[in-house]
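Visitor: Build me a structure from this.
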Amino acid sequence: MKKLSIENLVVEVENKVILKGVNLEIDSGDILALVGPNGHGKSTLLNALMGNPLYNIISGKIIMDGVDITSMTPDERSKRGMFMAFQTPPEIEGVSSIDFYKEAINSHLDSPISLFDYYRKLNSSSEKVKFDSTMKNRSLNVGFSGGEKKRNEILQMLLLNPSLALLDEIDSGLDVDAFKLIADNIIEISKVNKTSFMIISHYDMLYKLVKPNKTAVLIDGKIVKVSDGDLAFEIASDGYEAFSKKYKIDIEKHGQEAPVLSSCAAKNRK
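Guide: Numbering: from 1, shown residues only. Here you go, the predicted structure:
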C-alpha cells in the first residue's frame, strides 16, 4: 500500500452517528497511534475501514492506492491488503485453526498454496508468536486465554502479510513476555514488508516499543490533530485535559452516546 486516504467519513452504528467527518491519511510504512478518550469512535473507525456491516457509512470515502473501497466487502478489502485484529477475537467451534489459516491464505491467491509451502510458512510464523502444534489443531480461539487469542491474531497477520494492519487493543490483557513478543512482530513486519499500521492502545508501553511515527487524536467522532509519534507519549504522560489546554481543543463529547455492540455480533461475522 502506498497511501490510504479517509475523506470526510461519517459513520453510524444502530442509527447513532459516531464518526462525524473523519479525515486522515496513512502512507506506506507508517505506524500510526490512534488515540482519544474512550467512547469517542476509535474502534468504530477501524471497523468502518475494514467494512464491518454493523457500521454504516453514511457519507465520505475510503481511498486505497487511488481506488475507492468504500463500498467493498471485508473480504474484498482483505484481498487488497487490509487486515484487522479484533479487540475481542471470537471463538469459532468446529473450525480448526490450521484449516482456517489455510483457507484464509488461499482466499488471497489465484491458485491454492502447496501443502509444503503452507506448513513451512505456518511453522515459521508460529515460532515467531510461540504457538505450538496443539494450539494450531484446536478450534479457532476455543479455550484460548486472552493472551493466546491476541497471539493468534498476530499469527494470522503474519500469514496474510497485509500492507495495512488495523490493531484494536492488541495488547490488552497480555503479560510482559507476550507484550514484547507482539511488539517485536509488529516491528519486524513493518521493517521487512513495509506494512503500515493503525494501532489503538491504552498503554503507552506498546507505543514505546513500536515507536509510531505519527499520532492521530480522535475526539467526538473527528480527527482533531495529527502530529508525530511524540504526541501519543505526551498525552499518555500529561492527559487529555493538558492536551486540551495546550492545543485549545475541546475534548468533550457532544450528542449521542456510542452504542455498545455485543461480542456475539462479532462472532457471527468473522
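Visitor: what's the burial count for residue 56?
Guide: Around residue 56 there are 15 other residues, counting by other CB atoms under 10 Å. In short, each C-beta sits where N, CA and C put it, glycine included.
Visitor: which residue packs closest to it, ignoring adjacent ones?
Guide: Distances taken as CB to CB, 6 or more residues apart in numbering place residue 12 nearest to residue 56, at 5.0 Å, with adjacent residues excluded.
Visitor: So that neighbour, which state does it fall into?
Guide: Counting by DSSP: H, G, I helix; E, B strand; the rest coil, the backbone at residue 12 sits in strand.
Visitor: what number of residues lie near it?
Guide: Other residues close to residue 12 by other CB under 10 Å number 18.
Visitor: One more: residue 28?
Guide: Counted with other CB under 10 Å, residue 28 comes out at 14.
Visitor: Now do the same contact list for residue 18.
Guide: Contacts of residue 18 were listed using CB atoms under 8 Å, 6 or more residues apart in numbering, and they are 11, 12, 41, 44, 221, 258.
Visitor: How about residue 72?
Guide: 51, 80.
Visitor: re earlier: the residue nearest to residue 56 contacts residue 60, doesn't it?
Guide: No. The criterion here is CB atoms under 8 Å, and residue 12 misses it with residue 60 at 11.7 Å.
Visitor: quick one on the thing from earlier: can you convert the contacts of residue 18 into JSON lines and add a column each for pLDDT?
Guide: Shown next, in JSON lines, are those (pLDDT from 0 to 100):
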{"residue": "11", "pLDDT": "98"}
{"residue": "12", "pLDDT": "97"}
{"residue": "41", "pLDDT": "96"}
{"residue": "44", "pLDDT": "97"}
{"residue": "221", "pLDDT": "97"}
{"residue": "258", "pLDDT": "52"}
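Visitor: Buried ones from those, can you make that a PyMOL selection?
Guide: One line in PyMOL is enough to select the buried members of those, burial here meaning 16 or more other CB atoms under 10 Å:
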select buried, resi 11+12+41+44+221+258
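Visitor: mind putting the contacts of residue 18 in CSV, distance to residue 123 included?
Guide: Supplementary listing: the contacts of residue 18 in CSV, determined by distance: CB to CB, whole Å:
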residue, distance to residue 123
11, 40
12, 44
41, 39
44, 37
221, 44
258, 41
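Visitor: Can you report how many residues lie near residue 251?
Guide: Count around residue 251 with other CB under 10 Å applied: 18.
Visitor: wouldn't it be in contact with residue 219 here?
Guide: Yes. Counting by CB under 8 Å, residue 251 touches residue 219, with 5.4 Å between them.
Visitor: Identify the contacts common to the two.
Guide: Joint contacts of residue 251 and residue 219 (CB under 8 Å, 6+ apart) are residue 37.
Visitor: how about residue 53, secondary structure?
Guide: coil.
Visitor: any idea how far it lies from residue 132?
Guide: 35 Å (CB to CB, to the nearest Å).
Visitor: and if you look at residue 146?
Guide: From residue 146 to residue 132 the distance is 18 Å (CB to CB).
Visitor: Between these two, which is the more surrounded one?
Guide: Using other CB under 10 Å, the more surrounded residue of residue 146 and residue 132 is residue 146, with 14 against 9.
Visitor: Let me see the contact set for the nearest residue to that one once chain neighbours are set aside.
Guide: Closest residue to residue 146 apart from its sequence neighbours, by CB to CB, 6+ apart: residue 173 at 3.8 Å. For residue 173, the contact set (CB under 8 Å, 6+ apart) comprises 146, 147, 150.
Visitor: ok, how many other residues are close to the last one?
Guide: Summarising burial for residue 150: neighbours were counted as other CB under 10 Å, giving 28.
Visitor: Residue 58 too?
Guide: 11.
Visitor: ditto for residue 211
Guide: 13.
Visitor: Surely it and residue 32 touch.
Guide: No. If you go by CB under 8 Å, residue 211 and residue 32 don't touch, sitting 11.7 Å apart.
Visitor: Overlap in contacts, those two.
Guide: Joint contacts of residue 211 and residue 32 (CB under 8 Å, 6+ apart) do not exist.
Visitor: export the longest helix anywhere in the chain as PDB, just CAs?
Guide: Secondary structure of the chain read by DSSP state H shows that its longest helix is helix 176-193. Taking C-alpha atoms only, helix 176-193 is exported to PDB below (Å, rounded to 0.1, in the frame of the first residue of the first chain):
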ATOM      1  CA  VAL A 176       5.000  -8.700  29.800                       C
ATOM      2  CA  ASP A 177       6.500 -11.500  27.700                       C
ATOM      3  CA  ALA A 178       3.500 -11.700  25.300                       C
ATOM      4  CA  PHE A 179       3.500  -7.900  25.200                       C
ATOM      5  CA  LYS A 180       7.100  -7.800  23.900                       C
ATOM      6  CA  LEU A 181       6.500 -10.700  21.600                       C
ATOM      7  CA  ILE A 182       3.700  -8.900  19.800                       C
ATOM      8  CA  ALA A 183       5.600  -5.600  19.600                       C
ATOM      9  CA  ASP A 184       8.600  -7.400  18.100                       C
ATOM     10  CA  ASN A 185       6.400  -8.900  15.400                       C
ATOM     11  CA  ILE A 186       4.900  -5.500  14.600                       C
ATOM     12  CA  ILE A 187       8.300  -4.000  14.300                       C
ATOM     13  CA  GLU A 188       9.600  -6.800  12.100                       C
ATOM     14  CA  ILE A 189       6.800  -6.900   9.600                       C
ATOM     15  CA  SER A 190       6.800  -3.100   9.400                       C
ATOM     16  CA  LYS A 191      10.500  -3.000   8.600                       C
ATOM     17  CA  VAL A 192      10.700  -6.100   6.300                       C
ATOM     18  CA  ASN A 193       7.400  -5.800   4.400                       C
END
